[in-house]
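K.L.:
requesting a structural model of the entry that follows:
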Amino acid sequence: MLIKYQGPRNRVFLEVSYQLKIMVEQAAETLEKKSHRYNGLHDNQSFKNWASDSRGLLWIRGKPGAGKSTLLKYALDDTTMAVRVSGRNDLIISFFFHGRGHELQKTKKGLCRSLLHQLLSKSPGAFSSLIDTYVERKKTIGKVDQEWEWDENELWGFLEGALPKILISFSVVLFVDALDECDEEVSISLVNDFLTLLEAQGKGSNGFRICFSCRHYPILEPEYRFNSGLIISVEDENSADIQNYVEKRLSDPPPDHRDYVSLIVSRARGIFLWAHLVVKKVLHLRSRKKGRPEIEQEIEKIPQDLYKLYRRLFEELEERPQTLKLIQWICFSKEPLSSSEIQWAMAINPDHRHNTLQECRNAVGFIGDDDIDGRIKVLSCGLAEVQSNKKTVQFIHQSVMDFFTTTGLAVLAEKSMSADQISIEANYCIARSCIQYIAMEEFAKKHDEIVADFPLLKYAVLAWVQHAEKAEGIATAEYILDLFGSPSKRLLERWEFLRWGMTKEA
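P.N.:
Predicted structure coming up:
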């Protein structure tokens, strides 16, 4: 059955557009807003050549923390402004992978849904097969994301089939940030797929340009296709921008203090994040009235390697158990949690079983509503924060996540553990906390009376099983039954009732 497009207010068109829109806003919010700008972009020959060509590929690559996302955002804004000023008929589309975000923010399916949504409103006639498929399945199967789901390869096929039709009327500029934050095999496959699309566009079509950002490894291996196109190596280009940033943050230090500005810039080696963290340290030292020699000595002591810097931040940590718990939840929760959810995740201690949430609230160490945001910063040494837009708790950079899931959590636990062991132990602790939370007496009520009042409940009910499955070798069936109060089935029945109500609502 063919559905004729009848304009942007057509009901079927709006339904398809809305379904694809899910998660697009969240994906767009993953690009952190930085306090510095990349001033040298217009002078960069690779960018100028790419921007002036009708088709081509630009790589923005660099070390972790160098400022790749910031530069890509600047290139996106610059391209958008250029199109607006020139009046050209260009479609500018973008996707930002986010390794610390929701599932659709770090998968091929999320990318396809986002790009299809952006293109559908501009060129709906190119997506007749997508609309036909949606209508047919809704009629024969039911609602999307409930009775059926889009397959990522199917969505890619719609995108691949629509692009040549779109290029008849429009030029397209695509920006994809942080390829390294999705699965390695997926990222390599996506690069191959996009380059195939780029190479397939003939001279009769309008322009098609792509800009990728990623780390040097593993995406840009010596394979010829991945090294094709123009390249900007961020850490080789941004020393002047780092200097401007440092000078601005330090607010014109006294003449005898200015030497450490150049010291920070030289030791940063093009890594914006390193400079940012060191500036925070310098500001702290200045607030304590430390002199220039002491500040310079401290800067010299700070490791230039980001991982070693992160490790140093936690060497003298006083609240190690609390920090360990916080970092485990941020690293291994199935999705980013709100500060309210983290508040109760921190309050639950399976080794000291309280019977009610009020007992937890009265316990020593409970973090109050007004204090949770600040405590997250203190316990994480400034490496985690509450995102202002969604109030979710996330690390300030993907490299922080990488550090903790490889070695950092073992350092906090003061154990020798592999990355797999770190994951198993963290998931085990989270599963226990979830079950303990469900056991609280407040949840003996009916489901619909309590979910809205207790922010961690839905996560605990729906996620503990997956955490237990990932804790293989520790969370045995016998142990789980013991947590549920075996041989009594009362708690198990409560969990089943809560889960049924939540899945029914979804």
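
K.L.:
centre of the chain to the helix or strand hosting residue 159, how far?
P.N.:
Element membership of residue 159, judged by DSSP states H and E, is helix 152-169. Relative to the chain's own centre, helix 152-169 is displaced by 26 Å; criterion: CA atoms, centre = their mean, to the nearest Å.

K.L.:
also stretch 418-437?
P.N.:
The answer for stretch 418-437 is 21 Å, by CA atoms, centre = their mean.

K.L.:
what does it rub up against?
P.N.:
325, 328-329, 331-333, 344-345, 348-350, 353, 405-407, 409-410, 413, 417, 456-457, 459-461, 463-464, 467-468, 470-475, 480, 483-484, 491, 495 (CB atoms under 8 Å, 6 or more residues apart in numbering). From N, CA and C alone the C-beta is placed, and that goes for glycine too.

K.L.:
only the buried residues of that stretch, if you could.
P.N.:
For stretch 418-437, a neighbour-count test (16 or more other CB atoms under 10 Å) marks 421-437 as buried.

K.L.:
quick one: mean pLDDT over it.
P.N.:
Across stretch 418-437, the average pLDDT comes to 92.

K.L.:
dump it to PDB, keeping only the CA atoms.
P.N.:
Output of stretch 418-437 as PDB, limited to C-alpha atoms (Å, rounded to 0.1, in the frame of the first residue of the first chain):
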ATOM      1  CA  SER A 418      41.100  -6.800  35.800                       C
ATOM      2  CA  ALA A 419      38.500  -4.700  33.900                       C
ATOM      3  CA  ASP A 420      36.200  -7.800  33.800                       C
ATOM      4  CA  GLN A 421      36.500  -8.200  37.600                       C
ATOM      5  CA  ILE A 422      35.800  -4.500  38.100                       C
ATOM      6  CA  SER A 423      32.600  -4.900  36.100                       C
ATOM      7  CA  ILE A 424      31.500  -8.100  37.900                       C
ATOM      8  CA  GLU A 425      32.100  -6.600  41.400                       C
ATOM      9  CA  ALA A 426      30.300  -3.300  40.600                       C
ATOM     10  CA  ASN A 427      27.300  -5.000  39.100                       C
ATOM     11  CA  TYR A 428      27.100  -7.400  42.100                       C
ATOM     12  CA  CYS A 429      27.100  -4.400  44.500                       C
ATOM     13  CA  ILE A 430      24.400  -2.600  42.500                       C
ATOM     14  CA  ALA A 431      22.200  -5.700  42.300                       C
ATOM     15  CA  ARG A 432      22.400  -6.100  46.000                       C
ATOM     16  CA  SER A 433      21.500  -2.500  46.600                       C
ATOM     17  CA  CYS A 434      18.500  -2.700  44.200                       C
ATOM     18  CA  ILE A 435      17.100  -5.700  46.000                       C
ATOM     19  CA  GLN A 436      17.600  -4.100  49.400                       C
ATOM     20  CA  TYR A 437      15.800  -1.000  48.200                       C
END
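
K.L.:
and the angle for the helix or strand just after the helix holding residue 159 with helix 152-169?
P.N.:
Sequence order places strand 171-177 as the next helix or strand after helix 152-169, per DSSP H and E. Relative orientation of strand 171-177 and helix 152-169, computed by axes from the mean of the first three to the mean of the last three CA atoms, to 10 degrees: 140 degrees.

K.L.:
with just CA atoms, put the following helix or strand past strand 171-177 into CSV.
P.N.:
Going down the chain from strand 171-177, the next helix or strand is helix 184-200, by DSSP H and E. Output of helix 184-200 as CSV, limited to C-alpha atoms (Å, rounded to 0.1, in the frame of the first residue of the first chain):
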residue,chain,number,x,y,z
GLU,A,184,34.6,-0.4,17.9
GLU,A,185,33.2,-2.8,15.3
VAL,A,186,30.1,-0.5,14.8
SER,A,187,32.2,2.6,14.4
ILE,A,188,34.4,1.0,11.7
SER,A,189,31.3,-0.3,9.9
LEU,A,190,29.7,3.1,10.0
VAL,A,191,32.8,4.7,8.6
ASN,A,192,32.8,2.2,5.7
ASP,A,193,29.1,2.7,5.1
PHE,A,194,29.3,6.5,5.0
LEU,A,195,32.4,6.5,2.8
THR,A,196,30.6,4.1,0.4
LEU,A,197,27.7,6.6,0.3
LEU,A,198,30.1,9.4,-0.3
GLU,A,199,31.9,7.7,-3.1
ALA,A,200,28.6,6.6,-4.7
